[in-house]
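A.B. asks: turn this into a structure:
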Amino acid sequence: MTDSTRGYLPAKYYERIALDAMRRKDYEGAVSAYESAGYWANKVAQFDLGEIYFHGMGSIPADRARGVAWLGIAAEEHNPDYDKALVNAYADLTPEERRRADGIWKELQAVYGDKLTLARATQIFERDHRAERLGSATTENDTTVHTFSTSGYNPAKTTLDNAAMISELNTTSMRTQASTVADIWSARKQEFDATISSHFAHVDVGPIEQVPSAEKKPVP
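C.D. replies: Numbering: from 1, shown residues only. Below is the predicted model of the structure:
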């Protein structure tokens, strides 16, 4: 089944992909998906990358400097749990690891910094909204049939427990309902706002600006 969040909320879509990879113990796949989720403003994904790299996991060897750099990106909004993890991890580094972590953090900041990821996530949400409305033969008040989740994994929750998130992912169910286009996008906007707010606590994105291109961009 196609997951529509890939278009309008890729941060949620790629986190689900990462959790599924974790369940299958495909750690390389999980890291790749977490990076894509982090690219689209998913702070939980950024934090999980920090933990994975700092401690190592399965086939992913520990790289403490890279782990601290990712924790630094996750802690940019100063979530108390993320701040505490960053302080503790940084204190455990050697002077050489700290120098390397600072360099990696600067590289990550140029792509995954909060200002960039928030603008990027907002841009793709608005782009998908406009494209679907313009490409539809119906009006916003016409009824259309869509499929959506009714239970299971909720990325708007604040949780750092991967096992709990995977359990929720495995219980997700779907149902089909007829709704107007306007109703669908109202629900999607609420989902977008709830997800972003849960990751950033308070958000004031402001006017959408062009985001500088990066050499390698995950595509939705």
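A.B. asks: run through the neighbouring helices and strands of whichever helix or strand Gln190 is part of.
C.D. replies: In the assignment (DSSP states H and E), Gln190 maps to helix 181-200. Contacts defined by 3 or more Cβ pairs under 8 Å, 6 or more residues apart in numbering; DSSP states H and E place helix 181-200 against helix 10-23, helix 43-55, helix 114-135, strand 143-151. Any C-beta I mention is one placed from the backbone N, CA and C, and that applies to glycine too.
A.B. asks: can you do 7 Å?
C.D. replies: If contacts are counted by 3 or more Cβ pairs under 7 Å, 6 or more residues apart in numbering; DSSP states H and E, helix 181-200 sits against helix 43-55, helix 114-135.
A.B. asks: out of those helices, deepest packed?
C.D. replies: Sort the helices and strands packed on helix 181-200 by mean neighbour count, taking mean count of other Cβ atoms under 10 Å, and helix 43-55 sits at the top with a mean of 24.
A.B. asks: residues contacting it, please?
C.D. replies: Applying Cβ atoms under 7 Å, 6 or more residues apart in numbering, the contact partners of helix 43-55 are 15, 18, 31, 34-35, 37-38, 60, 62-64, 66-68, 70-71, 73-74, 77, 82, 89, 112, 160, 199-200.
A.B. asks: which of those fall in helices?
C.D. replies: Using DSSP state H, the members of the contacts of helix 43-55 that fall within helices are 15, 18, 31, 34-35, 37-38, 64, 66-68, 70-71, 73-74, 82, 89, 112, 199-200.
A.B. asks: quick check on the residues you listed: which are buried?
C.D. replies: The neighbour count (16 or more other Cβ atoms under 10 Å) marks 15, 18, 31, 34-35, 37-38, 64, 66-68, 70-71, 73-74, 82, 89, 112, 199-200 as buried among the ones in helices among the contacts of helix 43-55.
A.B. asks: which ones are touching the closest residue to Glu97 other than its chain neighbours?
C.D. replies: Spatial nearest neighbour of Glu97, chain neighbours left out: Ala65 (4.6 Å); criterion: Cβ to Cβ, 6 or more residues apart in numbering. With contact set as Cβ under 7 Å, 6+ apart, Ala65 has these partners: 93, 97, 100-101, 104.
A.B. asks: make CSV out of the residues you listed and add pLDDT, secondary structure and distance to Leu118.
C.D. replies: Below are these laid out as CSV (pLDDT from 0 to 100; DSSP: H, G, I helix; E, B strand; the rest coil; distance: Cβ to Cβ, whole Å):
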residue, pLDDT, secondary structure, distance to Leu118
Leu93, 97, coil, 29
Glu97, 98, helix, 30
Arg100, 98, helix, 28
Ala101, 97, helix, 24
Ile104, 97, helix, 22
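A.B. asks: shaky segments in the protein?
C.D. replies: Counting by pLDDT under 70, the chain contains low-confidence ranges at 1-3, 132-186, 201-220.
A.B. asks: run the last query once more with 90
C.D. replies: 1-9, 77-78, 122-220 (pLDDT under 90).
A.B. asks: quick revisit: most neighbours of all the contacts of Ala65, which one?
C.D. replies: Ala101 (23 neighbours; other Cβ atoms under 10 Å).
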